[in-house]
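*Asks:* Need a 3D model of the following:
(one chain, ligands or ions: 2)
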Amino acid sequence: MIEDASPLPLHESDGTTPAPVVAAQVRAELARAAPAWQPEFPDAIGFTMFDSPSSEDGTVTVLLPQEAIERAPSQALVRIRSRDGRSYLGAVVAGPFAEPDGMRADSPLLIMTVTQGGIFTPPHHGRVQVELLGEEQDGVLVPPRLRPLPQSPVWTLSAAESARVLRLGGEIQLGTVVGQEQLTVGVPALRKDVLPRHLAILGTTGGGKSTTVARLVAEAQRAGFAVILLDVEGEYTFLHEPTADPRMCRALAQRGLAPTGVPNVTLYHLVNRDTANPDHPQRCAFALQFARLSPYATVELLELTEPQSQRFFQAYDLGKQLLREFGIFPAPNDPRQEQLALEVDEFERGYPRLELLFFTDLVGACLAVANKLDESWRPRHPRLKPENARKRVLELVQALKPSHPNSWGALLGRLNLLHRLKAFDQPDGAPMSYKRLLRAGHVSVIDLSDTGSPVLSNLVIADVLHGVQEAREEEYTAFERQRRQDGPTGAPPPVLIIIEEAHEFLSRERAAQMEVLFQQVTRIARRGRKRWLGLVFVTQLPQHLPPQLFGLVNSYILHKITDPRVADDLRRTVSGIDPALWQRLPTLAPGQAIVAFPHLARPLLAAIDPTPAQLRLID
Ligand SMILES: Nc1ncnc2c1ncn2[C@@H]1O[C@H](COP(=O)(O)OP(=O)(O)OP(=O)(O)O)[C@@H](O)[C@H]1O
Ligand SMILES: [Mg+2]
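*Replies:* Residues are numbered from 1 along each chain as shown. Ligands and ions are numbered 1, 2, ... in the order given. The predicted structure is shown next:
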């Protein structure tokens, strides 16, 4: 808008004045007029561009003067006041790009001058692509019906307003928004639709998953959670110590944080198996109880063939019969135990008091009889050693007429392998107290680094999941009873169960053979929503997780993923992430992640805060 204060018609010469003089007069007049020129929107960072045939719905191009480029970093939120009076909010999803003024960026002239060091290059402006988040109407964001008109002014939102629009708030602090370090990404600790609807942390090796987990553990603990960490590789066995990793210390210092250990950590490991940190101040060995494992889940986890699993259940029934005959369970004249024996749901747990060695002995007896070597059978369980017990077992087994010694032999081999690990029913290792794992502000690291077999690790994971769920149900039943009797009372603390290397526990390849186990996990996930129990699945191989698992998860932290097929699969699963963000997935730096949570207005690229606690390095 140039105010026309010119005394002379600028374009006319009176015929006597030479042309150069007229030009000088024009320049002088323009210079005189310039101070009167005021931009219409002095604080706008840029203006929307006209649309072109390549324009797409939902996004607009915004052009910025050179000096405003850095005010519109990637992911910045902007407000567009359309010239028709409407107001829109949007996010920068591509750019800022620097384009030359008045020339095409690929013009030969420009290419030549830039290659020569750029002495005569033109000034430039910025261009960003803005995705429209919605139209503002009376303070609420509604889906836009139209688009901003060209040349509408654009402003960036302040940090406080951006945080409000993006709904970044939450007690559990994950990190900052990449490009806008003043914005902190938090996860609300107590919203039922966030953590209890389960989270997946995915990314290539070295992407930063464990660092994110360590961060999440410390933050969830601070927010009063009970945290249970199924640590397959023993990475978290030094979590109680401050980090000594120089890179991590530098990264912490940049964020103004200091290295500190996580307080209140107990390290659990299986009895007779090692731990990655034998000097841990709070170490606790525990034994598995065969009787607690659902025989159906066990058959799946042992990867038994159909004939082997048939034999497994034959021997299992025999075991139940003998426990009853021997008065071990139910005890004679004990109506309560009688009732319990009737009520056992073997899809959930095993038959009470049935020990692995007892069961293995029975399978051994079946093999001996199938081989017609009945008398060679030598039981190892003290309860079966007495001659009358041995005779009785053989009698019952002979009545079963077991055949197919090969599959009995294979089954016995599997069970002996498990037995030799000395982790079941051990007198020197107390059974796990699941209730203890549920204490507020406690972190329980279950070190599975020395289980010697993925099968045993998986049995522990299945057992802990089920045990925790059962303890949780009891806790809630008591809480609800108390609430009915005494009125409002504090709810049990929220729980987070983190499963590292989740693809080894629930694998896509074995999904068809793991129906019972998957149903158990599904049940825990569903009950967890009501009982405030959140599951976190961590893996570098998301393509190996059964696809149904993603149906149980509604939040994601996606670190770098290089395999385009994996990224494509995830794209179909995780909604709401704009294409420009997906494109960045293969090149994310360690610690950067796309975070997609239901409480956030949109998925964001975040720099996860470094962990102040020590992680054990795995080669
Ligand atoms: N949030 C972060 N801030 C700074 N550096 C990080 C961050 N996350 C990861 N790193 C760097 O990347 C390295 C690897 O991270 P981390 O061990 O967490 O990856 P990972 O995904 O768990 O790898 P793996 O699959 O091998 O277990 C760390 O040692 C650290 O140097
Ligand atoms: Mg890791």
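*Asks:* Report the contact partners of whatever residue of the chain ends up closest to ligand 2.
*Replies:* Of all residues in the chain, Ser210 sits closest to ligand 2, at 3.2 Å by CB to the ion. Heads up, the C-betas are built off the backbone N, CA and C, glycines and all. Residues near Ser210 by CB atoms under 8 Å, 6 or more residues apart in numbering: 235-236, 500, 538, 615.
*Asks:* State the distance from it to His559.
*Replies:* To His559, Ser210 is 10 Å away according to CB to CB, to the nearest Å.
*Asks:* hang on, the earlier thing: by neighbour count, which of the contacts of Ser210 wins?
*Replies:* Tyr236 (29 neighbours; other CB atoms under 10 Å).
*Asks:* Was I right to think that one contacts Val227?
*Replies:* No - here Tyr236 lies out of contact with Val227, judged by CB atoms under 8 Å, at a distance of 10.3 Å.
*Asks:* Residues that sit against both of those two, list them.
*Replies:* With CB under 8 Å, 6+ apart as the test, Tyr236 and Val227 both reach Val217.
*Asks:* helix, strand or coil for the residue of the stretch 51-200 of the chain found nearest ligand 1?
*Replies:* Proximity to ligand 1, evaluated over the stretch 51-200 of the chain using CB to the nearest ligand atom, is greatest for Gly175 at 6.8 Å. Under DSSP: H, G, I helix; E, B strand; the rest coil, Gly175 falls in the strand class.
*Asks:* Repeat that for Arg336.
*Replies:* Taking three-state DSSP, the label given to Arg336 is helix.
*Asks:* which residues in the stretch 101-250 of the chain form helices?
*Replies:* Remark: helices assigned in the stretch 101-250 of the chain by DSSP state H, counting those that start in this stretch are 108-115, 159-166, 209-222, 246-254.
*Asks:* What residue spans form the domains of this structure?
*Replies:* As given by automatic domain parsing, the domain ranges for the chain are 1-38, 46-157, 186-284+443-608, 292-420.
*Asks:* In the stretch 351-500 of the chain, where is pLDDT below threshold?
*Replies:* Applying pLDDT under 70 to the stretch 351-500 of the chain flags residues 429.
*Asks:* Any figure for the gap between Leu418 and Thr451?
*Replies:* 11 Å.
*Asks:* Same question for Ala285.
*Replies:* Relative to Thr451, and taking CB to CB, Ala285 is found at 13 Å.
*Asks:* Comparing those two, which residue is more hemmed in?
*Replies:* Thr451 (20 against 17).
*Asks:* what about the more buried one, helix or strand, and which?
*Replies:* Assigned by DSSP states H and E, Thr451 falls within no helix or strand.
*Asks:* Now for it: which residues touch it?
*Replies:* Per CB under 8 Å, 6+ apart, neighbours of Thr451: 270, 273, 421, 423, 457, 460.
*Asks:* Repeat that for Ile524.
*Replies:* 465-466, 469, 533, 535.
*Asks:* and which of those residues is nearest to Arg83?
*Replies:* Leu535 (50.0 Å; CB to CB).
*Asks:* Show me what the closest one is bridged to.
*Replies:* Ile497 (DSSP bridges).
*Asks:* could we number from 633 for the rest of this?
*Replies:* In the new numbering, first residue 633, that becomes Leu1167.
*Asks:* Look at it and say how many residues are nearby.
*Replies:* 24.
*Asks:* Low-confidence ranges, this structure, go.
*Replies:* Using pLDDT under 70, the flagged stretches of the chain are 633-655, 662-670, 750, 1061, 1250-1251.
*Asks:* Contact residues of it facing ligand 1?
*Replies:* 835, 837-843, 879, 883, 1172, 1191, 1222-1223, 1240, 1242 (CB under 6 Å from any ligand atom).
*Asks:* From these, list just the buried residues.
*Replies:* 835, 839-843, 883, 1172, 1191, 1222-1223, 1240, 1242 (16 or more other CB atoms under 10 Å).
*Asks:* farthest-separated two in the residues you listed?
*Replies:* Once CB to CB is applied, these give Ala883 and Gln1172 as the farthest pair, at 21.1 Å.
*Asks:* Common neighbours of Ala917 and Thr1083, please.
*Replies:* In contact with both Ala917 and Thr1083: Leu902, using CB under 8 Å, 6+ apart.
*Asks:* OK, contacts around the closest residue to Ala850 other than its chain neighbours?
*Replies:* In this structure, Ala850 finds its nearest non-sequential neighbour in Val894, 5.1 Å apart by CB to CB, 6 or more residues apart in numbering. Contacts were defined as CB under 8 Å, 6+ apart; by that measure Val894 touches 846, 849-850, 853, 871-872, 1075, 1245.
*Asks:* element containing Val894, please.
*Replies:* Using DSSP H and E, no helix or strand contains Val894.
*Asks:* if we can go back for a sec, identify the residues contacting the residue of the stretch 683-832 of the chain closest to ligand 1.
*Replies:* 816-817, 847, 1223, 1238-1241.
*Asks:* What ranges does the stretch 783-932 of the chain have for its strands?
*Replies:* 785-788, 804-809, 812-819, 831-834, 858-863, 897-902, 915-919 (DSSP state E, counting those that start in this stretch).
*Asks:* Buried deepest among the domains of the chain, which one?
*Replies:* Ranked by mean neighbour count, these are led by domain 818-916+1075-1240 with a mean of 19 (mean count of other CB atoms under 10 Å).
*Asks:* That one spans what distance, first to last residue?
*Replies:* Terminal residues of domain 818-916+1075-1240 are spaced 11 Å apart (CA to CA, to the nearest Å).
*Asks:* Helix, strand or coil: sort out Leu1043 for me.
*Replies:* Classified using three-state DSSP, Leu1043 is helix.
*Asks:* Excluding residues flanking it in the chain, which one is nearest the closest residue to ligand 1 within the chain?
*Replies:* Residue nearest to ligand 1 within the chain: Gly1223 (2.6 Å; CB to the nearest ligand atom). Leaving out its chain neighbours, the residue that sits closest to Gly1223 by CB to CB, 6+ apart is Gly840, at 4.3 Å.
*Asks:* Which residues are in contact with the one you found?
*Replies:* Neighbours of Gly840 in contact, by CB under 8 Å, 6+ apart: 1191-1192, 1222-1225, 1240.
*Asks:* at 7 Å what do you get?
*Replies:* When contacts are counted by CB atoms under 7 Å, 6 or more residues apart in numbering, Gly840 touches 1191, 1222-1223, 1225, 1240.
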